[in-house]
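Participant: next input, structure requested:
(chains A, B, C and D)
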There are 2 protein chains.
Amino acid sequence: MAKTIELHVEERKRGTRCCESLLKLQFDVEEARQLSTDLQALAHPVRLRILDILASNEGVVCVCDLQETLPVKQPTISHHLKLLRDAGLIDCERQGLWAYYFIRRDVLRELGTRVTQGLKALM
Amino acid sequence: MAKTIELHVEERKRGTRCCESLLKLQFDVEEARQLSTDLQALAHPVRLRILDILASNEGVVCVCDLQETLPVKQPTISHHLKLLRDAGLIDCERQGLWAYYFIRRDVLRELGTRVTQGLKALM
DNA sequence: AGAACGTATTGACAATCTTCGATGCATATG
DNA sequence: CATATGCATCGAAGATTGTCAATACGTTCT
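Facilitator: Presented below is the predicted three-dimensional model:
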């Protein structure tokens, strides 16, 4: 059970020096790193909008469609697509000249679960 | 309903040039930015671990406690604390020499809801 | 084969983020 | 008052990320 601040202050006044308390934790270092990696993959407006577009227009989205909507140039879009692909969140299928991108809902769901569980642990 | 890739390719072959399709969206620009800001606030291992510690040791955590546990120096911890404070996710109460930090579960819950809802929209 | 097109990659630059020594500030203690 | 302590801030350095012009690559169409 959590001690009160007042008790804590008293202990410290009595000479129990600062920082001897063993803190309780829920995440280990690796979990925190993983969760951070998950969040990083999502934490950019362009990437979020790409995911939104892919989620809402399944099967018919090529890079030039994205170019039309997003406020960045084509190499930048390709760059963010690559990051999302590396994270496993999207994939693509080439049809002639075009690359049709799609969302991998299974992977996104796993990530979503990790994020939601992680947040729940803090509340 | 989503068109198939094949139909899309056919249309483009017939001369309907690329990129005339109006994409469907769920997020507007502002929502994407907000969600990205929310995710950024969390997307660092040290900040996640700070939140974890504050969530698990309510009321008795001062900066030197964090220093004991985290792999970065005091100014860096203060820096991350400031970012979290600016995001509204934590706050502190000074008692003499010490600053006792605590988590603002209400704000965290709001952020968690936005994140969870945002993710759900993509699935 | 050659031209046109959609996309990926490269390379350079700019912006942002992370870290920490040095320092300042406020409070407590002798 | 002088000193010690805990924390915040400043300023600089390094690392990472985001952006885009230029270019390369593979495909399609003449």
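Participant: run through chain A and note the low-pLDDT ranges.
Facilitator: Along chain A, the parts satisfying pLDDT under 70 run over A:1-3, A:5-22.
Participant: right, is the longest helix along chain A up against chain B?
Facilitator: Ranked by residue count and defined by DSSP state H, the top helix of chain A is helix A:105-121. Yes: Helix A:105-121 lies within reach of chain B by C-beta under 8 Å from any C-beta of the partner chain, at A:105, A:108-109, A:111-112, A:115-116, A:118-121. Any C-beta I mention is one placed from the backbone N, CA and C, and that applies to glycine too.
Participant: look up how far DNA strand D lies from the spatially most central residue of chain A.
Facilitator: Taking C-alpha atoms, centre = their mean as the criterion, A:Leu39 is the residue nearest the geometric centre of chain A, at 1.9 Å. Per C-beta to the nearest atom of the strand, to the nearest Å, A:Leu39 is found 11 Å from DNA strand D.
Participant: that residue touches A:Val115, doesn't it?
Facilitator: Yes: counting by C-beta atoms under 8 Å, A:Leu39 touches A:Val115, with 6.7 Å between them.
Participant: ok, and what's touching the longest helix of chain A?
Facilitator: Helix A:105-121 has contacts (C-beta atoms under 8 Å, 6 or more residues apart in numbering or on different chains) with A:26-27, A:31, A:34-35, A:38-39, A:41-42, A:51, A:55, A:87-89, B:48, B:52, B:55, B:108, B:111-112, B:115-116, B:119-120, B:122-123.
Participant: could you redo the last one with a cut-off of 7 Å?
Facilitator: Helix A:105-121 has contacts (C-beta atoms under 7 Å, 6 or more residues apart in numbering or on different chains) with A:26, A:35, A:38-39, A:88-89, B:112, B:115-116, B:119, B:122-123.
Participant: need the residues of chain A near DNA strand C, please.
Facilitator: A:13, A:62-64, A:67, A:74-75, A:78-79, A:81-82, A:92, A:97-99 (C-beta under 7 Å from any atom of the strand).
Participant: tell me which of those fall in helices.
Facilitator: Those of the residues of chain A next to DNA strand C lying in helices (DSSP H): A:13, A:63-64, A:67, A:74-75, A:78-79, A:81-82.
Participant: among the residues of chain A next to DNA strand C, which pair sits farthest apart?
Facilitator: The distance between the two most remote of these (C-beta to C-beta) is 74.3 Å, for A:Lys13 and A:Leu97.
Participant: among the ones in helices among the residues of chain A next to DNA strand C, the buried ones, what's the PyMOL command?
Facilitator: The buried residues among those can be selected in PyMOL (16 or more other C-beta atoms under 10 Å in any protein chain shown) with this line:
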select buried, chain A and resi 63+64+67+81
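Participant: looking at the ones in helices among the residues of chain A next to DNA strand C, spot the one nearest DNA strand D.
Facilitator: A:Pro75 (3.3 Å; C-beta to the nearest atom of the strand).
Participant: same list, the ones in helices among the residues of chain A next to DNA strand C, but only the ones touching DNA strand D.
Facilitator: Answer for these near DNA strand D (C-beta under 7 Å from any atom of the strand): A:74-75, A:79.
Participant: which one is the residue nearest to the centre of chain A nearest to, not counting chain neighbours?
Facilitator: Computed as C-beta to C-beta, 6 or more residues apart in numbering or on different chains, the closest residue to A:Leu39 that is not its neighbour in sequence is B:Ala43, at 3.7 Å.
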